[in-house]
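Chemist: Just a sequence and a predicted model for now, questions to come.
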Amino acid sequence: MDPEFSKKLKELVIMGGNVEGRGSKWPGAEYNFRMDPEAAQIVLHEYQCNIMIMPWESCHNNALTWEFHDKWLSTDTAKGRFLRDILKHASHHSRVIRKKPVSQICDASAMAVTVNRSMITEMIKAHVIIELNGQNTRGQMVQVNTGWRDILPGEGREVEIVLKYDKDVMMNMLMKTVE
């Protein structure tokens, strides 16, 4: 990879990680970071652009109702039919097999805050590292408080973490995707 690549980016937005110790498929880690925590750690420490993270809990806390999900995907336009086709297996898996009470579209949430930062209602800056060892916490994003940065390896990289965003803005954006 081009060693200058990250200097050329204005910002990197990542859907991944967690801030409350809750995981998505493991007890203490979000799926994307859990699958390759070393890659997450490298990106967080070596990329030289601003990094904004949309963690698992933000998506979970702003999940959509199945009623809205069905309305969105029942839009009878070429875009609506396309989205319905590409999301039908994931929707079925979430709703029927995993019996999730809500629809979580985390990647779309990360994209939404990328194109419309004004929808973010709460964001923090924090230094973070990725847990590389724990059985239940491998891949967990850990916030490193000031006093620990001198002690912990890698000392943590300051990132912006989206905690809350306007779900109504998100729903309006999603409806516009199928017009």
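Modeler: Everything's here; your move.

Chemist: Every contact and neighbour count from this point should use C-alpha atoms.
Modeler: Will do.

Chemist: Give me the residue at the spatial middle of the protein.
Modeler: Nearest residue to the geometric centre of the chain (C-alpha atoms, centre = their mean): residue 15, 2.5 Å.

Chemist: For residue 158, see how far away that one is.
Modeler: The gap separating residue 15 from residue 158 is 16 Å, by C-alpha to C-alpha, to the nearest Å.

Chemist: Just the buried residues of the helix ranked longest in the chain, please?
Modeler: When the chain is scanned for its longest helix (criterion: DSSP state H), the result is helix 78-92. Within helix 78-92, the residues that count as buried by 16 or more other C-alpha atoms under 10 Å are 80, 83, 84, 91.

Chemist: Tell me the confidence at the second one?
Modeler: Spelled out, it's residue 83. pLDDT recorded at residue 83 is 93.

Chemist: do the same with residue 128
Modeler: So, for residue 128, pLDDT stands at 92.

Chemist: what sits up against the longest strand seen in the chain?
Modeler: The longest strand of the chain (DSSP state E) is strand 120-130. With contact meaning C-alpha atoms under 8 Å, 6 or more residues apart in numbering, strand 120-130 is reached by 37-38, 40-41, 44, 113, 138-145, 154-166.

Chemist: Cross those residues against helices and list the overlap.
Modeler: 37, 38, 40, 41, 44, 113.

Chemist: possible to save the residues you listed as a markdown table with distance to residue 179?
Modeler: Putting the ones in helices among the contacts of strand 120-130 into a markdown table (distance: C-alpha to C-alpha, whole Å) gives the following:
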| residue | distance to residue 179 |
| --- | --- |
| 37 | 38 |
| 38 | 40 |
| 40 | 36 |
| 41 | 39 |
| 44 | 37 |
| 113 | 20 |
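
Chemist: Neighbour count says what about these? Which are buried?
Modeler: Looks like those have 37, 38, 40, 41, 44, 113 buried, using 16+ other C-alpha under 10 Å.

Chemist: Could you identify the most distant pair in the residues you listed?
Modeler: Longest distance between any two of those is 25.4 Å, between 38 and 113; criterion C-alpha to C-alpha.

Chemist: so how far is residue 9 from residue 21?
Modeler: 30 Å.
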